[in-house]
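Visitor: model this:
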Amino acid sequence: RLEEIWYITIPSMKPQLLFSAVMTIVGTFKAGGIGTQLSGMNPTPEYSGHLIVNHINDYGFIRMELGYATALSVFLLFMMYLANKFCWRLFGTKEDE
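Guide: Numbering: from 1, shown residues only. Purely as a prediction, here's the structure:
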């Protein structure tokens, strides 16, 4: 029974697993707006709900330190790229590489 799951079920589910993993990672990085919407201010009180997206927004649009905000944005892009590559390596097929 375990071999059936390992060799048949999981390989046939890899495209769905890849899609859900990528969408979950993107949704996680987009979740920065929830804390500011609930508290009504950016940054959140005592930085309790402060994520990297809030940090970029705080330094880019409120404090006007655009260089630092740009560096953080590039770092976020790099993190998302690495997470995407990890998902492709984990759930992608050999033909996709």
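
Visitor: tell me, please, the helix or strand in the protein that averages the lowest pLDDT.
Guide: One helix or strand of the chain scores below all others by mean pLDDT, DSSP states H and E: helix 32-39, with a mean of 76.

Visitor: so what touches that helix?
Guide: Here helix 32-39 makes contact (C-beta atoms under 8 Å, 6 or more residues apart in numbering) with 42-45, 48-54, 57. For every residue, glycine as well, the C-beta is placed using N, CA and C.

Visitor: check the offset of the helix of greatest length in the chain from the chain's centre.
Guide: If you go by DSSP state H, the chain has its longest helix at helix 66-91. Counting by C-alpha atoms, centre = their mean, to the nearest Å, helix 66-91 is centred 8 Å from the centre of its parent chain.

Visitor: still on that earlier bit, now do the buried residues in the least confident helix or strand of the chain.
Guide: Neighbour-count burial for helix 32-39 flags 32, 35-36 (criterion: 16 or more other C-beta atoms under 10 Å).

Visitor: and of these, the nearest to residue 19?
Guide: Nearest to residue 19 out of the buried residues of helix 32-39 is residue 32 (C-beta to C-beta; 22.5 Å).
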